[in-house]
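Novice: Any chance you could fold what I've pasted below:
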Amino acid sequence: MARTQWVAAAPVHAVAGTAKPAQRRRRRYTGPPRYTKTPRWGFPAVPWRPRPQGEDTAKPAADPTLAAAVLARTLVPLLWTVAVLATVSAGAEIWRYILLLLSREDALSATAVAASDALTVGAGAVTLIAAAGAGLLLVLWSLRAQAGAAERSGVRPARSRREVLLGWLLPGLNLSVPGSVLAEIEHGLLERPVAARPKPSGLVVLWWVMWDVGVVLCVVTLLWALRDGVQALADGVLVHALLDLVAAVTAVVTAVVVRQFTRLLHPAQPPRRMLLVRMGAEPSPTAPANPA
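Specialist: Have a look, this model is predicted:
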């Protein structure tokens with residue numbers, strides 16, 4: 001064992017010619033710290049949760065099925081609202097056409113004409129705003145539903161997000177792409193063979209037909225507004241009424257499609273009712289058996 005030698009040394013201030021370090025004066029206690037504004041340091045105001053395993057602490061990707069379900073909660077009621085507003089707008093257009101027919105034989109009441117104009121303009125404007133909002137939510141929902149259906153099938157979506165957006169918005173493409181996207185979503189949600197070609201159901205075909213009819217009527221209505229003449233204006237009222245009726249039916253069918261697809265994509269778990277049938281005594285602990 002090696003020999004250990006201990007050496008003692010005097011403190012620095014005890015050495016001759018070295019000044020003793022000055023002691024710091026303790027400040028008087030004035031209470032807890034005070035801040036002029038709320039401090040930004042500290043723990044976040046969230047419940048405690050364990051730290052993720054491993055070094056990768058990045059946020060997990062958003063669940064597309066949950067996002068589609070959240071959008072559907074707003075989209076479906078809005079579509080029913082659009083259906084009601086479009087029906088009211090169609091009724092206002094029909095009333096205006098009836099007044100036009102009556103004006104050919106007799107003078108009309110100024111009150112009736114003013115009420116008809118106010119109802120037609122107001123209902124049409126509100127319907128247009130609600131339909132635009134529903135259309136935006138429908139496009140977002142289709143993107144989330146497409147990603148969720150592809151994830152369930154274990155495949156990549158047949159169309160990219162950009163292609164789906166252009167298919168909804170560009171004239172010509174919006175006659176075929178939206179229906180194809182819904183057919184692909186339905187194909188994935190029903191877990192049909194991946195190699196098989198998507199075959200739309202009757203509900204999707206009905207929606208596809210109503211959607212195409214509505215798009216064509218929108219173009220016809222815009223072109224009809226360029227015509228001049230009294231008869232053209234009267235016929236334009238009927239075209240607007242027909243467009244509103246088609247929009248109402250399309251909104252109803254769309255609401256049904258979104259609701260059914262969302263149930264397949266993110267089925268809601270019904271609450272379970274628990275009923276206490278019998279309450280017995282607490283079981284006594286079983287004594288260990290004696291070894292033989």
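Novice: tally of neighbours for residue 92?
Specialist: Residue 92 has 25 neighbouring residues, counting by other C-beta atoms under 10 Å. No exception for glycine: its C-beta is placed from N, CA and C like everyone else's.
Novice: what helices or strands is the host helix or strand of it leaning on?
Specialist: According to DSSP states H and E, residue 92 maps onto helix 64-102. Helix 64-102 sits against helix 110-153, helix 230-265, with contacts defined as 3 or more C-beta pairs under 8 Å, 6 or more residues apart in numbering; DSSP states H and E.
Novice: chain center to that helix, what's the gap?
Specialist: Centroid separation for helix 64-102 versus its chain: 19 Å, with C-alpha atoms, centre = their mean, to the nearest Å.
Novice: in it, what's buried?
Specialist: Within helix 64-102, the residues scored as buried using 16 or more other C-beta atoms under 10 Å are 64-65, 67-69, 71-72, 75-76, 78-79, 81-83, 85-97, 99-100.
Novice: ok, now stretch 189-200?
Specialist: For stretch 189-200, using 16+ other C-beta under 10 Å, the buried residues are 189, 198, 200.
Novice: Could you dump those residues into CSV and include distance to residue 125 and secondary structure?
Specialist: Listed next are those as CSV, based on distance: C-beta to C-beta, whole Å; DSSP: H, G, I helix; E, B strand; the rest coil:
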residue, distance to residue 125, secondary structure
189, 37, helix
198, 38, coil
200, 34, coil
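Novice: which one among the residues you listed gets closest to residue 154?
Specialist: Of all the buried residues of stretch 189-200, residue 154 sits closest to residue 189, with 13.2 Å by C-beta to C-beta.
Novice: these two touch, right, the closest one and residue 146?
Specialist: No. Between residue 189 and residue 146 there is no contact under C-beta atoms under 8 Å: 10.4 Å.
Novice: how about the helices and strands packed on helix 64-102, which one is nearest residue 194?
Specialist: Going by C-beta to C-beta, the one of these nearest residue 194 is helix 110-153, 5.9 Å.
Novice: In terms of secondary structure, what does the closest one contact?
Specialist: helix 64-102, helix 161-169, helix 177-189, helix 230-265.
Novice: ok, now with 6 Å
Specialist: helix 64-102, helix 177-189, helix 230-265 (3 or more C-beta pairs under 6 Å, 6 or more residues apart in numbering; DSSP states H and E).
Novice: any chance of these in TSV, with distance to residue 30 too?
Specialist: Below are these laid out as TSV (distance: least, C-beta to C-beta, whole Å):
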stretch	distance to residue 30
helix 64-102	52
helix 177-189	67
helix 230-265	62
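Novice: would you list those helices in JSON lines and tack on mean pLDDT and distance to residue 24?
Specialist: Listed next are these as JSON lines, based on pLDDT from 0 to 100; distance: least, C-beta to C-beta, whole Å:
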{"stretch": "helix 64-102", "mean pLDDT": "92", "distance to residue 24": "59"}
{"stretch": "helix 177-189", "mean pLDDT": "91", "distance to residue 24": "73"}
{"stretch": "helix 230-265", "mean pLDDT": "92", "distance to residue 24": "68"}
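Novice: Out of those, which gets nearest to residue 111?
Specialist: Here helix 64-102 is closest among the helices and strands packed on helix 110-153 (C-beta to C-beta), at 11.6 Å.
Novice: Straight-line length of stretch 187-203, end to end?
Specialist: End-to-end span of stretch 187-203 (C-alpha to C-alpha, to the nearest Å): 13 Å.
Novice: Tell me which residues are up against it.
Specialist: 149-150, 152-153, 155, 183-184, 264-265 (C-beta atoms under 6 Å, 6 or more residues apart in numbering).
Novice: Make JSON lines out of the residues you listed and add neighbour count.
Specialist: Listed next are the contacts of stretch 187-203 as JSON lines, based on neighbours: other C-beta atoms under 10 Å:
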{"residue": "149", "neighbour count": "26"}
{"residue": "150", "neighbour count": "18"}
{"residue": "152", "neighbour count": "16"}
{"residue": "153", "neighbour count": "18"}
{"residue": "155", "neighbour count": "11"}
{"residue": "183", "neighbour count": "18"}
{"residue": "184", "neighbour count": "22"}
{"residue": "264", "neighbour count": "18"}
{"residue": "265", "neighbour count": "23"}
